[in-house]
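**Q** Need a 3D model of the sequence below.
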Amino acid sequence: MVNDAAGDLDFDGVTNKEEYDHRAEGYKANVLNSKAGTPGDDHLSDYRRLKGQGWTRRTYDKLNRLISTERDNGSVELYVYDGNGNKVRDIVLTSVDGGGGLPAAWKFAHGLAYTGSGVASGDNGPIGDPDHDGFTNYQEWLAGTDPMDASSHPAAGTLNNAPMARIMPSPSRGGAQGSVTVRVWDAEAQGSSLELQYQRDGDTAWSDATVSGVDGGTFLPSLKLASQPGGVSHTLDWNAAANLGTSFSGTVLLRSRATDSQPGDWSPAMPYAVVTDPTVDTDGDGMPDNWELDHNLDPANPADGSSDTDHDGVPAFLEYALAMNPSVPDAGLLPQIGTRTEADNKHLTLNYHRPKNSGLTYTAQRSVTLAPGSWQSGSTVFQELTPLDLGDGTEAVTVEDLNPMAVSPYAWLRLRVSK
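**A** Numbering: from 1, shown residues only. Here you go, the predicted model:
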């Protein structure tokens, strides 16, 4: 769109690349007159200075009435008519940007908000579709069609434009394995591959993000994902820890680009909060921020440790403590009773999974009567065998009852987890 090399960020008729090529002369891509306020200010637009001539663009409505006049100096005159076709009002603007990279005159001509709040979002923004014909305002502008009339839309194959990607505002934060939602629009509905990049605070360079999955499957840079004129959303699994390290806590910028037969523009930067440090627990609920972010919990709300969003009867705190998933009913992963034979003696065992280095306290308890005060624990009752590293940040734990079943043929075992 307006931010790439062939675009025109300030709508002065000079491409961003041309302004960049003349940067040594003081030209800027976001200023109509780059010399304004300088000793060399000649009060000309960049276009007139570089091209030797100015330009005027006029727009007419369906009744062939002049509704706008745009000039290279950035001025825009908009004309309002009454029901009898008489001009009743002139509106003069000082910028041709009507919000989100769409010309103010074009938006005015088609009844879209061109000034004030909300001009770059919703139905008024570049990815809006107020007539619900499946084509965005940006696509209708490129094709010269009416964004308010569903019967007026780009003909199939006429745009042949690159796809457009946008990072959605939610989710806006993640942990070591963050989820990023990207929506892709393409007039020809061609399959599009996606790229994701990040930028640390204070950096100027962008870096490729490590994407491990998309829409629940494996991600490949060459993978063609569905895109439609009305847009299709895709969820990327970003391995933030691989890019930012395992002790990061802060906000980065993300951007995305879609490519079909040709690459689209990079999307506007979107802030994204990231916590990969497993020791950070802002609300002190025993669940680290990065795990809460990865599982759509609030790291600033200590009460969500008792929540049960997947309705499996296991609160979120225990889902973390036992390496479960609070978004998936998985009560079958609760601690299990088993047996282990040692020196011809069979012993009861308590088996469970847990995050490595969680900082939590796990206490196995035993009772043969279930009476209050009958629960026993400690090194004279149980021994914990060497945990098995599962290679994903968790470990399998077996706790053995030291009383042989031949001596104590039955018992109740339970596990207490505390912060």
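**Q** Could you verify my assumption that K28 touches E19?
**A** Yes: the criterion here is CB atoms under 8 Å, and K28 meets it with E19 at 6.3 Å. The way it works is simple: take the backbone N, C-alpha and C, and place the C-beta from them, glycine included.
**Q** Now tell me what touches stretch 124-142 from outside.
**A** Residues outside stretch 124-142 that contact it (CB atoms under 8 Å, 6 or more residues apart in numbering): 1, 99-103, 106-107, 112-113, 118-123, 143, 145-154, 159, 161, 164, 166, 183, 185, 187, 228-231.
**Q** before we move on, what about stretch 390-404?
**A** Residues from elsewhere that reach stretch 390-404 (CB under 8 Å, 6+ apart): 323, 338, 340, 342, 345-356, 362, 364, 366, 380-385, 387-389, 408, 411, 413, 415.
**Q** Between K28 and E19, which contacts overlap?
**A** Shared contacts of K28 and E19 (CB under 8 Å, 6+ apart): S34.
**Q** So between the two, which is more surrounded?
**A** E19 (23 against 18; other CB atoms under 10 Å).
**Q** does the residue positioned nearest the centre of the chain belong to a helix or a strand, and which?
**A** The centroid of the chain falls nearest to V180 when counting by CA atoms, centre = their mean (3.4 Å). In the assignment (DSSP states H and E), V180 maps to strand 177-185.
**Q** Note down every partner strand of the helix or strand that comes right after that strand and its orientation.
**A** Per DSSP H and E, the first helix or strand lying C-terminal to strand 177-185 is strand 193-199. Here strand 193-199 has these sheet partners by DSSP bridges: strand 207-208 (antiparallel), strand 249-259 (antiparallel).
**Q** hey, which of those is tucked in deepest?
**A** Most buried of those, by mean neighbour count (mean count of other CB atoms under 10 Å): strand 249-259, with a mean of 20.
**Q** how much does that one deviate in direction from strand 177-185?
**A** Relative orientation of strand 249-259 versus strand 177-185 (axes from the mean of the first three to the mean of the last three CA atoms, to 10 degrees): 30 degrees.
**Q** what number of residues lie near the closest residue to A303 other than its chain neighbours?
**A** In this structure, A303 finds its nearest non-sequential neighbour in D285, 7.9 Å apart by CB to CB, 6 or more residues apart in numbering. Using other CB under 10 Å, D285 has 22 other residues around it.
**Q** Work out for me the element D285 sits within.
**A** Under the criterion of DSSP H and E, D285 resides outside all helices and strands.
**Q** Pretty sure it sits against D304.
**A** Yes: between D285 and D304 there is a contact under CB under 8 Å: 7.1 Å.
**Q** Show me how the record splits the protein into domains.
**A** Listed by automatic domain parsing, the domain ranges of the chain are 1-53, 164-275, 289-332, 335-418.
**Q** and of those domains, who's closest to I67?
**A** domain 1-53 (17.4 Å; CB to CB).
**Q** Show me where the stretch 251-400 of the chain has its strands.
**A** Secondary structure of the stretch 251-400 of the chain (DSSP state E, counting those that start in this stretch): strands at 270-275, 336-342, 345-355, 361-367, 382-384, 388-389, 394-401.
**Q** Low-confidence stretches in the stretch 251-400 of the chain?
**A** The model of the stretch 251-400 of the chain has no residue with pLDDT under 70.
**Q** Please disregard the earlier target; I meant the stretch 101-250 of the chain.
**A** The stretch 101-250 of the chain contains residues with pLDDT under 70 at 101, 156-161, 187-189.
**Q** I'd like the distance between S193 and A162.
**A** Counting by CB to CB, to the nearest Å, the gap from S193 to A162 is 12 Å.
**Q** more neighbours, those two?
**A** Higher neighbour count among S193 and A162: A162, with 22 against 18, using other CB under 10 Å.
**Q** sec struct for that one, please.
**A** The three-state label given to A162 by DSSP: H, G, I helix; E, B strand; the rest coil is coil.
**Q** contacting residues for the nearest residue to it once chain neighbours are set aside?
**A** Nearest residue to A162 in three dimensions, chain neighbours excluded: G264, at 3.9 Å (CB to CB, 6+ apart). G264 makes contact with A162, P163, M164, A165, S192, R257, A258, according to CB under 8 Å, 6+ apart.
**Q** residue ranges for the helices of the chain, please.
**A** 16-21, 46-51, 104-109, 137-143, 240-244, 289-294, 316-321 (DSSP state H).
**Q** Quick one: list the elements packing against the shortest one.
**A** Okay, so that is helix 240-244. Helix 240-244 is packed against strand 177-185, with contacts defined by 3 or more CB pairs under 8 Å, 6 or more residues apart in numbering; DSSP states H and E.
**Q** orientation of the strand it packs on relative to strand 270-275 in degrees?
**A** Angle, strand 177-185 to strand 270-275, by the same axes, to 10 degrees: 160 degrees.
**Q** 161 is where my numbering starts, stick with that
**A** Understood, numbering begins at 161; the last thing we discussed is strand 337-345.
**Q** shouldn't S205 be in contact with G214?
**A** Yes: S205 is in contact with G214 according to CB under 8 Å; the separation is 6.9 Å.
**Q** So if I had to pick from the two, which one is more boxed in?
**A** Using other CB under 10 Å, the more surrounded residue of S205 and G214 is S205, with 26 against 13.
**Q** Look up how far P486 lies from the more buried one.
**A** Using CB to CB, we find S205 at a distance of 57 Å from P486.
**Q** One more: Y570?
**A** In terms of CB to CB, Y570 sits 33 Å off from P486.
**Q** Please point out which parts of stretch 555-564 sit buried.
**A** Buried residues in stretch 555-564, defined by neighbour count with 16 or more other CB atoms under 10 Å: E555, V557, T558, V559, E560, D561, N563, P564.
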